[in-house]
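S.K.: Predicted model and sequence below, questions to follow.
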2 protein chains.
Amino acid sequence: MPRTADHEQRRRQIAAAVCELISDQGLDAVTVARTAAAAGISVGLVQHYFRTKDEMLLHAFDHVGASIRARVDQRIQAGIEHRRPIAGVLAEALAEFLPLDAVRRTEFRVTKAFAGRALDAPALAEVDAATARAVRADLARAVHNGKECGEVEPDADPETAAVRLLAVTEGLALQIHRAAATDELALSVLDIELAATFTGQCRQYKNP
Amino acid sequence: MPRTADHEQRRRQIAAAVCELISDQGLDAVTVARTAAAAGISVGLVQHYFRTKDEMLLHAFDHVGASIRARVDQRIQAGIEHRRPIAGVLAEALAEFLPLDAVRRTEFRVTKAFAGRALDAPALAEVDAATARAVRADLARAVHNGKECGEVEPDADPETAAVRLLAVTEGLALQIHRAAATDELALSVLDIELAATFTGQCRQYKNP
DNA sequence: GTTTTTACCGTATGACGATATGGTTATCAA
DNA sequence: TTGATAACCATATCGTCATACGGTAAAAAC
């Protein structure tokens, strides 16, 4: 049998190179040749792992989406373990979408670049939509649980609140990016929005 | 003296062709040749009016930004003339940013496509930032005036409210675009957000 | 009518990039 | 050891595109 290699590892390596290129020089600067150079491999090897450039880009987009979602999930899990108030956990979770440090800035830039192209690339649009759906579901569930435990008023609508919170978060990310809002201002707005829904104290803890 | 032509008219014609192409097939599909074809003129003539492709794209971006701002201003002016409550006027003005009909969907798509490229094109980023600044200033002024006329609580901060309202609006536009929210849901969220700041009735009318 | 300037066109050119192709090398099973 | 297969590389090919360039026609001034 032949020589072997860690397929997924290689694909991740290439995806990372793509993201680095996008963050540094924009999506238009991403060519197969440059990606190969950034990853320290040959053009041929990139072709070996991705049939086409589009497939490569799609995988890279998936890569960052998964990265962000992983951190969000981790924050939520940690929140559950430490029995913290839902509002605080969500504040941290949603802040993962804000370009507040180098890592998140890079992710934001990459995501935004792909979002622009996704307008005419259904496969990319689907990645974007899937992430949004996942977050929205998390938020709706958190609000729902908040109602049961007393942090949220009984007549609140989880779906409406979820859309509102996701919209505010994505909008704030834009404001921060164009330096139209300081980090502190954006975080305070996020807190205000959370406070509008999470008005009470948790009586009986439940997973968000 | 030589033959004459309406310079601005031609430039608008070309910008319109660019926007049409972007909306239909994406920014990557915009080539000088295709733009010329869409505008019904020759490649050479496009070059006559724009030295480079980048200059052409920049002008097109400016074009849509100005278009949207013109409608926003018009709505605000109309609101002033008819002495309508500020909250209602803002609801309509901000709805101009939501992809609710064919015109606004096109503008949204074009804007979003450019925003993606603006990450590495300072000239494009400036157009985006300028529009955001203008809207934010309008919003802050509206809230300020609302305080004076009684529609807004005296202790509200116009800057914070402006950032919040702009963020929500841009975020809702994204949700509508990816069909994560219906038009009605988005508009109701926008109303909720406006109601959070505009809590009272106007006693003494003032321009928003 | 002639001249001059600009509006406008068609094509040539040169660069770049995605993908195809024809290799070489390393590893494993037999 | 050997043969098979996958990992990996370098370059050729072909299309596309931005821009350069050389031209024609029209209109305004004289």
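M.R.: Sure thing, it's come through.

S.K.: Distance check, A:H48 against DNA strand D.
M.R.: Distance of A:H48 to DNA strand D, computed by Cβ to the nearest atom of the strand, to the nearest Å: 5 Å. Quick note: C-beta positions are derived from backbone N, CA and C, even for glycine.

S.K.: Secondary structure element holding that residue?
M.R.: Following DSSP states H and E, one finds A:H48 within helix A:43-49.

S.K.: and the next helix or strand after that helix, average pLDDT?
M.R.: Remark: after helix A:43-49, the chain's next helix or strand is helix A:53-81, criterion DSSP H and E. The pLDDT scores in helix A:53-81 average 95.

S.K.: Equivalent analysis for stretch A:147-155, please.
M.R.: For stretch A:147-155, mean pLDDT rounds to 92.

S.K.: That one near chain B at all?
M.R.: No - judged by Cβ under 8 Å from any Cβ of the partner chain, stretch A:147-155 stays clear of chain B, getting no closer than 13.4 Å.

S.K.: quick one: low-confidence ranges for chain A?
M.R.: A:203-208 (pLDDT under 70).

S.K.: separation between the residue nearest the centre of it and A:A95?
M.R.: Centroid-nearest residue in chain A: A:I68, 3.8 Å away (criterion: Cα atoms, centre = their mean). Distance of A:I68 to A:A95, computed by Cβ to Cβ, to the nearest Å: 11 Å.

S.K.: Check A:Q201 too.
M.R.: A:Q201 sits 22 Å away from A:A95, taking Cβ to Cβ as the criterion.

S.K.: More neighbours: these two, which one.
M.R.: The neighbour comparison of A:Q201 against A:A95 (other Cβ atoms under 10 Å in any protein chain shown) goes to A:A95, with 19 against 9.

S.K.: check contacts around that one.
M.R.: A:187, A:190 (Cβ atoms under 8 Å, 6 or more residues apart in numbering or on different chains).

S.K.: cool, A:H177 as well?
M.R.: By Cβ under 8 Å, 6+ apart, the neighbours of A:H177 are A:99, A:108, A:112.

S.K.: tell me which parts of chain A are close to DNA strand D?
M.R.: A:1-5, A:7, A:10, A:41-45, A:47-48 (Cβ under 7 Å from any atom of the strand).

S.K.: From the residues you listed, list the buried ones, please.
M.R.: Neighbour counting by 16 or more other Cβ atoms under 10 Å in any protein chain shown classes A:10, A:41 among the residues of chain A next to DNA strand D as buried.

S.K.: Most widely separated two among the residues of chain A next to DNA strand D?
M.R.: With Cβ to Cβ as the measure, no two of those lie farther apart than A:M1 and A:V43, at 26.4 Å.

S.K.: Which parts of chain A are helices?
M.R.: For chain A, the helices defined by DSSP state H occupy A:7-25, A:32-39, A:43-49, A:53-81, A:86-95, A:102-118, A:122-149, A:158-177, A:183-197.
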